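Q: Fold the following.
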Amino acid sequence: MWQDASFRLFLGADAISQVGTQITLVALPLVAMLTLDASSFQIGVLTAAEMAAFLLLGLPAGVWVDRLRRRPILIWSDLLRGAALLSVPAAVALDAMTLPHLYAVALLMGVGAVFFDVAHMSFLPSLVGKDDLLRGNGTLETLRNTAVLSGPALGGWLVHALSAPIALLADAVSYLVSALLLGGVRAEETITPVAERRRLGEEIGEGVRHVVGHPVLRRIAVLGALVMLSNGIWAVAQPLFLIRALGVSPGIYGLLLSGGAVGGLIGAVLASRVAVRFGIGRAMYGGAALAALAVLISPLTAEGWRLALFPLGCLLSGIGGAVFGINQLSYRQRITPEHLLGRMNASMRFLMWGAAPVGGLLGGVLGEIFDAHTVLWVATAGIMVAHLPVLTSRKILRLRSSPPPPRTTPTLG
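A: The predicted structure follows:
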């Protein structure tokens, strides 16, 4: 796997864009807060705008990803996101930055993310093969969490030293570099032959039925939807609680967010080892249990030494989330026929991430009614409840390995 030059380019592109993405997660809401003095509800709308594309385009994206070559989709998604982010520092320089502009940027970022994420997950089996999926996903998760570890701190420093709009410029450049590296990746891809294509609705339905009709995938999707709903609320409460309520600086804010990345790195290293030792089902179950319990720690954060509780809770949740996430993704990639990968991943993304904009809006409304600390506790309770579909499943607990997908006749394009 590591000897493949295309896989190394793929990893390089992913690493660079992931660092930039983490910078944006810090800088975009801070542009709204610090440059435009946005309210709690307006930050909620911003969060919802970035996630709305998963709800609006998530299902059709899967059909298009299965019909077309996935590498060009990855490249064009990067270019779209890079261009959208470049418009922010340009607008600030011209003194023309407005909240509607920022909402439009967030929406375009979401559109790019929808197509990129679905194509990215569906492209990996073509690059490494089904037998190396656990290692491949573990490597990508390690890179992602390395980016999460460095990105927020770097983003906070850039915001503090230069400004939030200039921090977004760094992310724009990262997407352009990622697109350049992806241009050198080569892999044989399976696409749906033109003669076998049906109406859009029929193909979407096939992907949704594959997910909803599978007892394990169905529970994973419910868990993901409830987690993303709660994360949408959390994303609104987090900067309001840490920056406005506790008064931490943007630089310290970025450092506090890095706790989850450290946990994710540890979890990424452990994920395959836990699966080999205990079976993929117990790995998913244990990861979900740890993530559900550890989230209770972060809302206990307060001034002084208790500020350390926020990254501690994120660290432990990150370990559990990574162990669960890597194993569930590898499981669903392995059991799904290649011609359905795009639609399966899109259906999962739609069912999971489609709840995030609702959570963002709900978080904004709650932020107008309650203080940020209370809203953070609401998100915490939601995350705990979200893991019950997996924690109450004996079938998942008893899974030892992933069965191979049904045999299909691939069409190479």
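
Q: Low-confidence regions, the chain specifically.
A: 1-4, 128-134, 145, 148-153, 155-156, 160-161, 188-198, 200, 401-413 (pLDDT under 70).

Q: and with 50 instead?
A: 403-404, 406-413 (pLDDT under 50).

Q: What are the boundaries of the strands in the stretch 251-400 of the chain?
A: Remark: no strands are assigned in the stretch 251-400 of the chain by DSSP state E, counting those that start in this stretch.

Q: excluding its backbone neighbours, what's nearest F370?
A: V378 (7.9 Å; Cβ to Cβ, 6 or more residues apart in numbering). Every C-beta, even on glycine, is put in place using the N, C-alpha and C of the backbone.

Q: so the one you found touches V236, yeah?
A: No. The pair V378 / V236 is not scored as a contact, 10.4 Å apart, by Cβ atoms under 8 Å.

Q: Compare the two (neighbour count), which wins?
A: V236 (32 against 18; other Cβ atoms under 10 Å).

Q: was I right about that one contacting G367?
A: Yes. Here V236 reaches G367: they are 5.6 Å apart, a contact under Cβ under 8 Å.

Q: shared neighbours of those two, anything?
A: 40, 43-44, 375 (Cβ atoms under 8 Å, 6 or more residues apart in numbering).

Q: Please produce TSV containing those, extended by distance to A104 and secondary structure.
A: Output for the shared contacts of V236 and G367, formatted as TSV (distance: Cβ to Cβ, whole Å; DSSP: H, G, I helix; E, B strand; the rest coil):
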residue	distance to A104	secondary structure
S40	21	helix
I43	16	helix
G44	17	helix
V375	26	helix
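
Q: what's the farthest-apart pair in the residues you listed?
A: Within these, I43 and V375 form the most distant pair, 11.2 Å apart (Cβ to Cβ).

Q: what does stretch 295-310 contact?
A: With Cβ under 8 Å, 6+ apart as the criterion, stretch 295-310 contacts 241-242, 246-248, 256, 259, 312-314, 316-317, 373, 376-377, 380, 383-384.

Q: Point me to the helix or strand that includes L180.
A: helix 164-182 (DSSP states H and E).

Q: Enumerate the positions of that helix that are buried.
A: 164-172, 174-182 (16 or more other Cβ atoms under 10 Å).

Q: same check, this time on stretch 337-347
A: 338-347.

Q: Greatest separation within those: which pair is it?
A: E338 and S347, at 15.5 Å, using Cβ to Cβ across the buried residues of stretch 337-347.

Q: quick one on the thing from earlier: which neighbours do V378 and V236 share?
A: L366.

Q: Where does the residue nearest to A32 when sequence neighbours are not counted sit: helix, strand or coil?
A: Excluding the flanking residues, the one nearest A32 by Cβ to Cβ, 6+ apart is A38, at 3.8 Å. With DSSP: H, G, I helix; E, B strand; the rest coil as the basis, A38 sits in coil.

Q: quick one, phi psi at A38?
A: Main-chain torsions, A38, degrees, to the nearest 10: phi -70, psi 150.

Q: Make sure it is actually in contact with T47.
A: No. With contact defined as Cβ under 8 Å, A38 does not count as touching T47 (11.0 Å).

Q: Neighbour count for those two, which is higher?
A: For A38 versus T47, the count of surrounding residues by other Cβ under 10 Å is larger for T47: 27 against 20.
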